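1. what's the 3D shape of this:
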Amino acid sequence: MSKVVRFHRTGGAEVLEFIDVEVEAPAADEVQISVRALGLNRAEIMYRNGQYVIDPVFPARLGYEAAGDVTAVGANVSDFRVGDRVSVIPAFSFADYGMYGELVNAPAHAVVKIPDNISYEQSAATWMKFVTAYGALICMGDMKAGDTVVLGASSSSVGLAAIQLANMVGAVPVALTRSLTIEKQLKEAGAAHVFQSNDPELTQKIRTITEGKGTRLVFDPVGGAGAKALLRAMHLMAFTTSTER
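-> Numbering: from 1, shown residues only. Reported below is the predicted structural model:
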């Protein structure tokens, strides 16, 4: 028997229940994992609250990120062996899999081996934030060396991942934060510039550090009224505004 987490109604953390289940052997294209560490993220909270892109089907499972040791593999799985240290990438539906448990089955396409110098805890806490930042900035934004990229909510896990990615490709990360009390920490994390997100001079400051060209990339998970200042600081808007004067 294995303890797993299930919930039978949407709501706060109080709806989560530990139950004992007999975990089935992994099916074809699945890997069974003895879990040592879990990642916690906003998507899981939204799903538990009934605010995610799909509605829970009860009793509902939960959990996108986990790290542990392979205990069994299903048919067609040749890349993993019993005893491998692995982690799980959030590349499946909650309707199909949930990682909150002592023993879980995961789709093989979402399982990767953990490097020897990475702990279970580090691996379980890595994928959601870096996949989010990588998808937005590299896959969609085509971020390159020399780009200036403005990052909202920069002290969040995704924001910190975005700062690291920007530095890895040679871009210039500009961190936005509600309070400049964490300016030092953000610069230590790799931000080249730190601005207050509600600064009335934000548009001009971004144009100044880009020598009037404006920024090509803005990663803004916050939105709201502040989005206008960021749009005005982008390359096309900066060019349009300057030529209209």
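2. off-centre distance for stretch 211-220?
-> Chain-centre distance of stretch 211-220: 22 Å, with Cα atoms, centre = their mean, to the nearest Å.
3. my bad, stretch 123-142
-> Centroid displacement of stretch 123-142 relative to its chain, using Cα atoms, centre = their mean, is 6 Å.
4. got the CA coordinates for it in PDB?
-> Output in PDB follows, covering the C-alpha atoms of stretch 123-142 (Å, rounded to 0.1, in the frame of the first residue of the first chain):
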ATOM      1  CA  SER A 123      15.300  18.600  -9.100                       C
ATOM      2  CA  ALA A 124      11.700  18.500  -7.900                       C
ATOM      3  CA  ALA A 125      11.700  22.300  -7.500                       C
ATOM      4  CA  THR A 126      13.200  23.000 -10.900                       C
ATOM      5  CA  TRP A 127      11.000  22.100 -13.800                       C
ATOM      6  CA  MET A 128       7.800  24.100 -13.600                       C
ATOM      7  CA  LYS A 129       9.500  27.500 -13.300                       C
ATOM      8  CA  PHE A 130      12.200  26.800 -15.900                       C
ATOM      9  CA  VAL A 131       9.800  25.200 -18.400                       C
ATOM     10  CA  THR A 132       7.500  28.300 -18.000                       C
ATOM     11  CA  ALA A 133      10.300  30.800 -18.500                       C
ATOM     12  CA  TYR A 134      12.000  28.800 -21.300                       C
ATOM     13  CA  GLY A 135       8.800  28.400 -23.200                       C
ATOM     14  CA  ALA A 136       8.000  32.100 -23.100                       C
ATOM     15  CA  LEU A 137      11.400  33.600 -23.600                       C
ATOM     16  CA  ILE A 138      13.300  31.000 -25.700                       C
ATOM     17  CA  CYS A 139      10.600  29.100 -27.600                       C
ATOM     18  CA  MET A 140       8.200  32.000 -28.200                       C
ATOM     19  CA  GLY A 141      10.300  35.100 -27.700                       C
ATOM     20  CA  ASP A 142      13.500  33.800 -29.400                       C
END
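5. give me the residues contacting it.
-> Here stretch 123-142 makes contact (Cβ atoms under 8 Å, 6 or more residues apart in numbering) with 37-39, 41, 43, 64-67, 87-91, 114, 118, 143, 149, 156-158, 160-162, 165-166, 169, 217, 219. From N, CA and C alone the C-beta is placed, and that goes for glycine too.
6. can you list the buried residues in that stretch?
-> The neighbour-count check on stretch 123-142 (16 or more other Cβ atoms under 10 Å) flags 123-134, 136-137, 141 as buried.
7. distance from the longest helix anywhere in the chain to the middle of the chain?
-> When the chain is parsed with DSSP state H, its longest helix is helix 157-169. Centroid separation for helix 157-169 versus its chain: 11 Å, with Cα atoms, centre = their mean.
8. so which bits of it are buried?
-> 157-163, 165-166.
9. for Val5, what are its contacts?
-> Val5 touches 16-19, 61-63, 98, 100-101, counting by Cβ under 8 Å, 6+ apart.
10. name the residues that touch the one helix or strand Ala106 maps to?
-> Counting by DSSP states H and E, the element that carries Ala106 is strand 103-107. Residues outside strand 103-107 that contact it (Cβ under 8 Å, 6+ apart): 2, 4, 23-24, 26-27, 29-35, 63, 66, 71, 74, 88, 91-92, 96-99.
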